[in-house]
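Q: Only the shape, not the letters, is given here:
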Ligand SMILES: [Zn+2]
């Protein structure tokens, strides 16, 4: 690991200018090489400008900055699944300083049959409930608490088999539906689900689609959710450390069998949970 004095020396040699950094320090450690829709741009700048957030543009993407003691700014920008351009222009002080290539990514189609018509097209009596739950989820996934989040290496929350990946284009009974914005892990009913990273419980609910669900805030705009649980094992505002049980696998909500539906959001944008797994 670099020492502060080495960092200062590097800084003096480069006059602390806003130069793109080739070195990755160990103090901000986030997934790399996921520049595709549903992934995360991880871009380094050598800059000690405390107002960098207001002087920088990453195309039209939202971003956060992780700072380390060596004056590096680690810029993290989630890429929506709907992103259609093949690059992101990095603009600093109204000047184009770099262009980041965005790869295309293949997402497969999934076609499932659900017999219970009420779950496919919910009865109108459920509309208000579904809307309320949507808004609660929307608020939770957009939670932005400033924290000292320096790394996002996660353990898989439950032992099981991946039954549906993130980003899948879904069809239910032949009709196109929303993209699958989580990772499904099929496991036995009652299997414990563990917090993959330290976090705080910000929402617990019994939702029409998600069933028994828990949302965790990991800080700096990183939020995760756990759906279809048989029951939760936490209370609201509880702080969890990685590895603690937050609930148990179940088949509540709109499901075809017991599994965990795991979502990860960065700045409110769903991204592929797999990129965080150690
Ligand atoms: Zn799912």
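A: On my side now, so go ahead. Model, not experiment: these values are computed from the prediction. Numbers count the residues shown, from 1 in each chain.
Q: Next to the ion, which bits of the stretch 51-200 of the chain? Give me the list.
A: 182, 184 (CB under 5 Å from the ion). No exception for glycine: its C-beta is placed from N, CA and C like everyone else's.
Q: Now do the same contact list for residue 112.
A: Counting by CB atoms under 8 Å, 6 or more residues apart in numbering, residue 112 makes contact with 170-173, 256.
Q: For it, give me phi and psi.
A: Here is the backbone geometry of residue 112 (degrees, to the nearest 10): phi -120, psi 160.
Q: Name whatever forms a beta bridge with it.
A: Residues in a beta bridge with residue 112, per DSSP bridges, are residue 172.
Q: residues of the longest strand seen in the chain that come out buried?
A: Criterion DSSP state E: the longest strand present in the chain is strand 222-232. For strand 222-232, a neighbour-count test (16 or more other CB atoms under 10 Å) marks 222-230, 232 as buried.
Q: Point out where the stretch 101-250 of the chain drops to low pLDDT.
A: Counting by pLDDT under 70, the stretch 101-250 of the chain has low-confidence residues at 118-119.
Q: make it 80
A: For the stretch 101-250 of the chain, applying pLDDT under 80 flags the ranges 114, 116-120.
Q: Look through the stretch 101-250 of the chain and state the residue closest to the ion.
A: Closest to the ion within the stretch 101-250 of the chain is residue 184: 4.0 Å, counting by CB to the ion.
Q: what's the closest non-adjacent residue to that residue?
A: residue 164 (3.9 Å; CB to CB, 6 or more residues apart in numbering).
Q: ok, the one you found touching residue 180?
A: Yes - using CB atoms under 8 Å, residue 164 is in contact with residue 180, at 5.7 Å.
Q: Quick check: neighbours shared by the two?
A: residue 110.
Q: which of the contacts of residue 112 sit farthest apart?
A: 171 and 256 (13.6 Å; CB to CB).
Q: Now for residue 190, how many residues are close by?
A: 12 (other CB atoms under 10 Å).
Q: Looking at neighbours, which among the contacts of residue 112 is most surrounded?
A: Going by other CB under 10 Å, residue 172 tops the contacts of residue 112 with 17 neighbours.
Q: Smallest gap between the stretch 151-278 of the chain and the ion, at which residue?
A: Taking CB to the ion, the stretch 151-278 of the chain has residue 261 as its residue nearest the ion, at 3.4 Å.
Q: any idea which element that residue lies in?
A: Residue 261 is part of strand 259-266 when elements are defined by DSSP states H and E.
Q: Quick check, pLDDT for residue 48.
A: Note on residue 48: pLDDT of 84.
Q: now do the one 5 residues further on
A: We note a pLDDT of 93 for residue 53 in this prediction.
Q: Provide the secondary structure category for it.
A: Secondary structure, DSSP: H, G, I helix; E, B strand; the rest coil: residue 53 is helix.
Q: hang on, the earlier thing: report the beta-bridge partners for the residue of the stretch 151-278 of the chain closest to the ion.
A: According to DSSP bridges, the partner residues bridging residue 261 are residue 184, residue 227.
Q: 27 is where my numbering starts, stick with that
A: With the count now opening at 27, the last piece we talked about shows up as residue 287.
Q: show me the contacts for it.
A: Residue 287 neighbours (CB under 8 Å, 6+ apart): 208-210, 236, 252-254, 281.
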